[in-house]
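Asks: Here is my input; please provide its structure:
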Amino acid sequence: MGQVAQVAQVAQVAQVTQVAQVARSGFKVSRFQSFKVEGQEPGQDQVPSRRCSAVRLEMDALRYRDLSFKPLKEDDLPVLYGWLQAPHVREFYHRKSVPGWEEMRAEYLQRLDPGWPTRCFVCCFGSTPLGYIQTYRVADYPEYAAMIGEERGISLDLFIADAAHIGNGWGRLVLVKFLRDVAFPMFGEEHVCWIYHDKQNHRALRASRAAGFRHVRHFIEDGDTKELLALYRDEVCAARIHR
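Replies: Model prediction:
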């Protein structure tokens, strides 16, 4: 787990002053799909267009520039196995007991198949791994689609590997760059990304909102209240990176 230790060192070196501010100004009408908004009365028309803020993100240019996403490989699995046992990861991302090494290895090996619907990546800052992120089409997982109440678009899951990075703006940076450089280009026909968090996961909710995601609705998963948020392709592609 030497690589994980290196992540903590990067946190001390790379913690520059956060300059991220989300400026919300005006509304614009989408030419893409609408989505069902929480609280809409039965019989009301579906929202014909999304009203969304023109999101401007002032980002740490150095960290943003040196962020990259490496497709998950078999050699990464021992490090990933260690990450999944970290208390802050298990709190919300992996609440169930962590499977044994062989079971976990078998589960993730199948995800390395190019035909597998979920695409998995290691987030890196320079050559140092920071965490894990995966993306997929909502339509490829019908049970998931029914749970969140949406049929189109993509979704993603992620975690920051080292607790030293929590609260330092990495989640926001990872979300924006991954969507711009990887997820939306990979699924070119999709125009919206959905993400959800436990209602008590305030840190993840702050990161997603800072990246431009907006509240859609709440729903229940395994007895816990979750918050669904959305971000459109044209919003994230228009985010300005201040250098």
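
Asks: for Leu80, helix, strand, or coil?
Replies: Of the three states, Leu80 takes helix under DSSP: H, G, I helix; E, B strand; the rest coil.

Asks: OK, contacts around it?
Replies: Leu72, Met104, Tyr108, Val122, Tyr132 (CB atoms under 8 Å, 6 or more residues apart in numbering). Every residue, glycine included, has its C-beta placed from N, CA and C.

Asks: now it: how far from Pro142?
Replies: For Leu80, the distance to Pro142 (CB to CB, to the nearest Å) stands at 27 Å.

Asks: got it, and Lys226?
Replies: 18 Å.

Asks: In terms of neighbours, single out the busier of those two.
Replies: Lys226 (18 against 10; other CB atoms under 10 Å).

Asks: helix, strand or coil for Tyr132?
Replies: Tyr132 - assigned by three-state DSSP - is strand.

Asks: give the contact list for it.
Replies: Tyr132 neighbours (CB under 8 Å, 6+ apart): Leu72, Leu80, Trp83, Cys120, Phe121, Val122, Cys123, Leu158, Phe159, Ala161.

Asks: now, among the contacts of Leu80, which is nearest to Cys193?
Replies: Nearest to Cys193 among the contacts of Leu80 is Tyr132, at 17.1 Å by CB to CB.

Asks: Just the helices from the chain, written as ranges.
Replies: 2-14, 61-66, 77-83, 87-92, 101-110, 142-148, 170-178, 184-186, 202-210, 233-237 (DSSP state H).

Asks: Out of these, the one nearest Ile220 is which?
Replies: helix 142-148 (8.9 Å).

Asks: tell me what the closest one is packed against?
Replies: strand 214-221 (3 or more CB pairs under 8 Å, 6 or more residues apart in numbering; DSSP states H and E).

Asks: what about Gln134, neighbour count?
Replies: 15.

Asks: Quick check: the gap between it and Ala238.
Replies: 25 Å.

Asks: what's the answer for His215, then?
Replies: 20 Å.

Asks: Also Lys177?
Replies: Distance from Lys177 to Ala238, by CB to CB: 14 Å.

Asks: Ok, Gly188 next?
Replies: According to CB to CB, Gly188 and Ala238 sit 17 Å apart.

Asks: out of these two, which sits in the more crowded spot?
Replies: Each of Gly188 and Ala238 has its neighbours counted (other CB under 10 Å); Ala238 has more, 15 against 8.

Asks: mind checking pLDDT for that one?
Replies: Per-residue pLDDT puts Ala238 at 74.
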